[in-house]
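S.K.: let me see the structure of the following:
(4 chains, ligands or ions: 2)
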Protein chains: 2
Amino acid sequence: MLLSTKGDYGVRAIIDLAKHEGEGPVQRAEIARRRQIPEAYLDHLLAQLRRDGFIRSTRGPAGGHQLAKPADEICLLHLLESLEGSLAPMQCLENDDPEDEAICGQGWVWQEIYDDMRAKLAATSLSDLASHEREHERERATAARYVI
Amino acid sequence: MLLSTKGDYGVRAIIDLAKHEGEGPVQRAEIARRRQIPEAYLDHLLAQLRRDGFIRSTRGPAGGHQLAKPADEICLLHLLESLEGSLAPMQCLENDDPEDEAICGQGWVWQEIYDDMRAKLAATSLSDLASHEREHERERATAARYVI
DNA sequence: GTATTGTCGACCTTTCCGGTCAACATCGTA
DNA sequence: TACGATGTTGACCGGAAAGGTCGACAATAC
Ligand code: FES
Ligand code: FES
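M.R.: Numbers count the residues shown, from 1 in each chain, chains lettered A, B, ... in the order given. Ligands and ions are numbered 1, 2, ... in the order given. Predicted coordinates for the structure are as follows:
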């Protein structure tokens, strides 16, 4: 039932880009360090995000990666479907084969769960994620002050 | 993101038992045939369900498997957690390691989705599944009549 | 032209899924 | 009590996919 690391890593990476929106390209090495992703592996994830038009990349010195559209126009659902392929928890939910129902009898439960999940992912934009993370950082910072 | 076949097959099997509640033991071969599960593989799933007290098995001629408690006291959540282990879509949701949040920043979304999913699964009992399937059969039967 | 960055595809290793098999335990029945 | 039907268990196995690495190449800034 686990999401593969592609989804997790890929979203981490693009959150990083969202947090540096408007500051020019961010380099692969930087993302990899901050987000704890193997650099060589990150290549593939960025490539996928580029193919689907979420990011733009520039080569050469001072090159890097940046969002191709505003962070609030990118939702988590599209991101994950780009990175992971389908998110369906059961195969039968995609190739709607009606004869399965007689054999299995639980498809309807999963269909509901799947719909709820997709709705929630579609309602979460990249800017939501970024601002949520900023807020979390602020909380940690004030907490640290108290300790000091 | 897919559930493994263990969960699907295992639930199929116990739905079958629920539909024959009170009719004595149901044999492995019968379940396997009706639910399209490899017989030898089904063994392992039944073993797991037995270990966790969902079913009782009797050996010898006229033996077989049956529910160990009423169908409406068995919920889909417990069944699936028995068969699949954890259902968490991300590893970090179990070993609540607070330092992940700074690196990843999407854990909260998945936590919400996970909670919703568990709630829905916990609210669905085995008797819900069985009656849902019976209803579906009835619909198909009347539909078939119209065709004839 | 050289250093710096990204781009792409081949490759490799490990894990796990889905499944089989053989040996054994238990029970009903003749 | 012997036999056959059934369930019980753990070892085993092939293939696919996950997760990751590497090397050759392309573009750009200076
Ligand atoms: S075959 Fe679709 S949920 Fe089982
Ligand atoms: S590490 Fe938990 S969602 Fe990414």
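S.K.: where in chain A is the helix or strand with the lowest mean pLDDT?
M.R.: In chain A, no helix or strand scores lower on mean pLDDT, DSSP states H and E than helix A:100-103, which sits at a mean of 84.
S.K.: helices or strands next to the helix or strand following that one in the packing?
M.R.: Counting by DSSP states H and E, the element after helix A:100-103 in chain order, helix or strand, is helix A:107-122. Applying 3 or more Cβ pairs under 8 Å, 6 or more residues apart in numbering or on different chains; DSSP states H and E, we find helix A:107-122 packed against helix A:76-84, helix A:100-103, helix B:107-122. C-beta here means a position set from N, CA and C on the backbone, and glycine is covered the same way.
S.K.: figure out how far stretch A:64-81 is from the centre of its chain.
M.R.: When distances are taken as Cα atoms, centre = their mean, to the nearest Å, stretch A:64-81 is centred 8 Å away from the chain's centroid.
S.K.: wait, does that stretch contact chain B?
M.R.: Yes. Residues of stretch A:64-81 contacting chain B under Cβ under 8 Å from any Cβ of the partner chain: A:Leu76.
S.K.: tell me how far stretch A:139-148 lies from the chain's centre.
M.R.: Stretch A:139-148 sits 29 Å away from the centroid of its parent chain (Cα atoms, centre = their mean).
S.K.: do stretch A:52-59 as well
M.R.: Taking Cα atoms, centre = their mean, one finds stretch A:52-59 lying 15 Å from the centre of the chain it belongs to.
S.K.: what of stretch A:50-58?
M.R.: Worked out by Cα atoms, centre = their mean, stretch A:50-58 lies 14 Å from the chain centre.
S.K.: which parts of it are buried?
M.R.: For stretch A:50-58, a neighbour-count test (16 or more other Cβ atoms under 10 Å in any protein chain shown) marks A:54-55 as buried.
S.K.: does A:Glu73 touch A:Ser125 like I think?
M.R.: Yes. Between A:Glu73 and A:Ser125 a contact is recorded at 7.3 Å, counting by Cβ atoms under 8 Å.
S.K.: picking up where we left off before, which of the helices and strands packed on helix A:107-122 sits closest to A:Ile31?
M.R.: A:Ile31 sits nearest to helix A:76-84 of all these, at 14.7 Å, using Cβ to Cβ.
S.K.: for the helix or strand hosting A:Val11, the averaged confidence score.
M.R.: Using DSSP H and E, A:Val11 maps to helix A:5-19. For helix A:5-19, mean pLDDT is 98.
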